[in-house]
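Visitor: fold the stuff below for me.
(chains A and B)
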Amino acid sequence: MTTKLVIGLDGQGSGDRALTYAKDLAERIGDCELLVAYVIEWSPYSFQTAEENAQRHKRREEEISMAKERIVDPAVASLQSAGMTASGIVRHGDVAHTLNSICEKEGGHQIIVCRSSEGGFAQRIFGSSTANLVMSATVPVTVIG
Amino acid sequence: MKFINRALLAAAATGAALPAYAQEAMSLDEKVNTAFANFTGPFVSLIFAPLPGTSFPWIVLWLVVAASIFTIYFSFVQLRYFGHAVSLVKGDYSDPDDAGEVSHFQALATALSGTVGLGNIAGVAVAVGIGGPGATFWMILAGLLGMASKFTECTLGVKYRNEYPDGTVSGGPMYYISKGFKERGIPGGGALAILFSVFCILGALGGGNMFQANQAHAQISGIVGDYPGWITGLIFAGVVFAVIVGGIKSIANVTEKVVPFMGILYVGAALIILVVNYDKIGWAFGQIFAGAFTGLGVAGGFVGALIQGFKRAAFSNEAGVGSAAIAHSAVRTKEPITEGFVSLLEPLIDTVVICTMTALVITISGQLILDAETGNYVLNEAGSAIATVDGNSGVALTSAAFASGISWFPYVLAIAVVLFAFSTMISWSYYGLKSWTYIFGEGKTSELTFKIIFCIFIVIGAAASLGPVIDFSDAAIFAMAVVNITALYFLMSIVREELRSYSERLASGEIKKFAH
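Guide: Numbering: from 1, shown residues only, chains lettered A, B, ... in the order given. Next up is the predicted model:
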């Protein structure tokens, strides 16, 4: 049976540690598939202007495209060049909830994320999200320090 | 500003040159006011012309009849699908894979930020001040019926919106009129769409701009002391210019986040006053019901109360006006009718809940002078409105009513009014812009022209007095409703077909909730 690992990236250097750990783990497991996931923080209950609403679909596509190009695709390419079976996914939503949902939907067995103490974008994506994920996940979660 | 005001007074007392300056400034306000009243008079007279042999404006009947027809035509959709509308807003039927798109909640919140505002604070005070507490009854009824109008227009708004290759969307009555009429082979859609756009531009400049600036100035000057309106207008115009022309989104973002908070604060304060005066609530409702059918001495009797109630409800919740269809059309959904369901919550929140609270607070506060012997309200010297304790009207009346329960609340209300006014201006600048670009085409020069005109009208609105501004604001908004409702009559069968198809699929389980 193939083991599926979901790697949650934060778009920062700390994500590399999660990738490295996932590679090592996958090599030891053997029959393993890796799914690189990046979640763009988003709440359907936020407030926007009419103009922002009108442009939202365009912005969403741009956000997904940029995340794929800059974060997910390079990570997937790096895993594939190391001989792994890997794919990528980008979603919007609450980071902890969405990562767990992706894992459940894709049949993942474990989620690997990195604890990030960096500010800015990383904090925005993975600040308290890691703790939320650990508390609410329905599969084992490995947090790389 | 208080200090500036004191300095002005001190200078005046010492015989400095400031009084001449102040007089010049006031005369500028008066000049603006007179010129504006003369220019808009014929348009206002046409829209509010009474039915032959009565004093009943035909436009009020137009709105009420339309809302009643839509309510019956869609078999009381506002009652049957109320629970479903709440489920949609909660996101129960939203596909998790569509996360990141505009949600039903966001579309509703955006539309509400354009409607919840001065209509609920100042508009209700105008209605109750002229039509008495009885106007509240008709306002609630108009709100409940208006839910069906909103449902109809917002469903069509999503169904016939334009989706451009770059992913942006444009929707609203001008699009469903032109496309819907063409689809059904009805001639004149193009001309009607342009006519709607013209009225929408006027509505954006009137109710969505001048009325807001005018009442924001009234509220600020009520606290810091009287000063020329054009100063408030220039400040507002500068900030709005920075957002809509300069693209300084941070100001709009802050406002969009603070406005819901202010809305909650406003409702919370009203609830506190009502709870403290719980023993008067029964009496206040008694006044509302009695006034609805007798008028309780107000000008025009119960018809006066009815007219004021319906007018201010329509001005506040904009049902049938078509503006909400522009705001709601941005939502991403495979089922246009779902946005119709969500939109019917708007008049309920705006009119039935918030406006009623304002009306109850004003009634309970005792600001309206009641003749204890006759049980009727006392009219002012002109006989046009109910006499108030301090001679207040509009937002000043609401402010005084809240102050009778919470002494410091006028300060909070002043901030709320400014923020509501600003938020409504931003929303209406978008509605006006969409209509402008529908007529003149997309393009930077075209858009900039409208935005500059919009900012100039802020200054005019703040400088003019309440009467001409409120007349023009009402007339412009109701003119939109004339065109929009005409189109809705021709297109409502399309909505009924959507409703039939959706309800069948909902009943069969084809449309179901997503697991989140």
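
Visitor: for chain B, what's the longest helix?
Guide: Taking DSSP state H as the criterion, chain B has its longest helix at helix B:466-508.

Visitor: likewise for chain A?
Guide: Among the segments of chain A that qualify as a helix by DSSP H, the longest is helix A:50-67.

Visitor: would you mind listing what in chain A touches chain B?
Guide: When proximity is defined as C-beta under 8 Å from any C-beta of the partner chain, chain A approaches chain B at A:40, A:42, A:44-58, A:60-61, A:63-64, A:91-93, A:98, A:101. Placement of C-beta: from N, CA and C, glycine included.

Visitor: for PyMOL, write the select line for the buried members of the residues you listed.
Guide: Buried residues within the residues of chain A next to chain B, by 16 or more other C-beta atoms under 10 Å in any protein chain shown, are selected in PyMOL with:
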select buried, chain A and resi 40+42+44+47+48+49+50+51+52+53+54+55+56+57+60+64+91+92+93+98+101
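
Visitor: if we can go back for a sec, I'd like to know which elements the longest helix of chain B is packed against.
Guide: Counting contacts by 3 or more C-beta pairs under 8 Å, 6 or more residues apart in numbering or on different chains; DSSP states H and E, the secondary-structure elements packed against helix B:466-508 are helix B:18-47, helix B:58-73, helix B:134-159, helix B:173-183, helix B:189-205, helix B:211-224, helix B:301-317, helix B:336-343.

Visitor: can you list the residues of chain B near chain A?
Guide: Checking chain B against chain A by C-beta under 8 Å from any C-beta, the hits are B:91, B:94, B:96-97, B:99-103, B:105-107, B:109-110, B:113-114, B:166-170, B:249, B:252-253, B:256-257, B:259-260, B:326-327, B:330-332, B:426-427, B:430-431.

Visitor: which stretches of chain A have low pLDDT?
Guide: A:116-128 (pLDDT under 70).

Visitor: tell me where it has strands.
Guide: Assigned strands in chain A, in chain order: A:3-9, A:32-41, A:85-93, A:110-114, A:141-144 (criterion: DSSP state E).

Visitor: hang on, the earlier thing: can you tell me which of the residues of chain B next to chain A are classed as buried?
Guide: When burial is judged by neighbour count using 16+ other C-beta under 10 Å, the buried members of these are B:91, B:94, B:96, B:99-103, B:105-107, B:109-110, B:113-114, B:168-170, B:252-253, B:256, B:259, B:326-327, B:330-332, B:426-427, B:430-431.

Visitor: for the residue in chain A sticking out farthest from the centre, what are its contacts?
Guide: Within chain A, residue A:50 marks the point farthest from the mean C-alpha position, 30.2 Å out by C-alpha atoms, centre = their mean. Under the criterion of C-beta atoms under 8 Å, 6 or more residues apart in numbering or on different chains, the neighbours of residue A:50 are B:110, B:114, B:326-327, B:330, B:426-427, B:430-431.

Visitor: in helices only, show me these.
Guide: The helices, defined by DSSP H, take in B:110, B:114, B:326-327, B:426-427, B:430-431 from those.

Visitor: please tabulate the residues you listed in a markdown table, including the columns pLDDT.
Guide: Supplementary listing: these in a markdown table, determined by pLDDT from 0 to 100:
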| residue | pLDDT |
| --- | --- |
| B:110 | 85 |
| B:114 | 81 |
| B:326 | 92 |
| B:327 | 88 |
| B:426 | 87 |
| B:427 | 87 |
| B:430 | 90 |
| B:431 | 92 |
